[in-house]
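Enquirer: Here's my sequence, what's the structure:
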Amino acid sequence: MYKIEEQRQQVIDFTTDLTDEEARKKPDEHTWSILETLEHLYLIEGWVTQQLKESLAAENVQEVKEKPIERTVDRSHKVDAPEPLRPKGQFDSPDEALDSLSKSRDSLMFLLRNYEEDDFRKRAMPHPAFGKMNLLQWVEFVGYHELRHLEQMNEVKKSL
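Expert: Presented below is the predicted three-dimensional model:
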C-alpha cells in the first residue's frame, strides 16, 4: 500500500546487531545518538498521526499538487526539527525505542484502515519544507523521513 512498512523494516534491520552502548553513544555534542534519532522518528510519527486525525475530522476538503517528497532523503539539505520533535532521552535501549515505534505505527495503520485513500488525498496540511501537502503524501513522508534518518544512523555508527 504505502512503502512505510518496508522503510520501517530497514530501520528495524539496522538496529538488529546494535548494542545499547552503541545506540547511546554520540559522535559529538551536536550530533544525535542512534537512540535519540529513533526517539525523533517516534515523535514525528506520533505527531503526524495526530495531525492526520485532526485534519480528517475537520473534513476541510482541499486538493493540492503533489510535492517531490522523495527529496526528503537528500541529507545535503539540513533541516532542524522543531523543539517538540527533538529527542529528550525518553528511551534507554533500541528495544524500548522499537517497541514505541511499533505502537506509533499501529496508531498510524489504524487510521489508514479506517479511512479511504481518497479521504487522505482530498485533504491537506502544511509542511515546513514542502508547503501544503495532501495527507496521503504526509503518510508517505513518514517513510522517506525514516530513510533520511536511517542514513544519519549509519553515519553515526560508522563514526563510532
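Enquirer: check contacts around the closest residue to S104 other than its chain neighbours.
Expert: Ranked by CB to CB, 6 or more residues apart in numbering and with sequence neighbours excluded, the top spatial neighbour of S104 is E45, at 4.2 Å. Where you see a C-beta, it was placed from the backbone N, CA and C, and this is true even at glycine. Shown here is E45, whose contacts under the criterion CB atoms under 8 Å, 6 or more residues apart in numbering are L101, S104, R105, L108, V142.
Enquirer: The last one: which element?
Expert: Element membership of V142, judged by DSSP states H and E, is helix 135-159.
Enquirer: Who are the packing partners of that helix?
Expert: Judged by 3 or more CB pairs under 8 Å, 6 or more residues apart in numbering; DSSP states H and E, the packing partners of helix 135-159 are helix 4-15, helix 34-58, helix 94-113, helix 117-121, strand 124-127.
Enquirer: can you rerun that using 10 Å?
Expert: Contact here means 3 or more CB pairs under 10 Å, 6 or more residues apart in numbering; DSSP states H and E; on that basis helix 135-159 packs against helix 4-15, helix 20-24, helix 34-58, helix 94-113, helix 117-121, strand 124-127, strand 131-134.
Enquirer: Can you read off the pLDDT for the residue nearest to S104?
Expert: pLDDT for E45: 98.
Enquirer: any idea how far it is from K26?
Expert: Here E45 is placed at a distance of 23 Å from K26 (CB to CB, to the nearest Å).
Enquirer: for T19, same thing?
Expert: Separation of T19 from K26 (CB to CB): 15 Å.
Enquirer: repeat for A58
Expert: Plainly put, A58 is 40 Å away from K26 if you go by CB to CB.
Enquirer: Compare the two (neighbour count), which wins?
Expert: In this view A58 and K26 are compared by other CB atoms under 10 Å, and K26 has more residues nearby, 15 against 10.
Enquirer: The more buried one is in what secondary structure piece?
Expert: Taking DSSP H and E as the definition, K26 sits outside all helices and strands.
Enquirer: That concludes my questions; thank you for your assistance.
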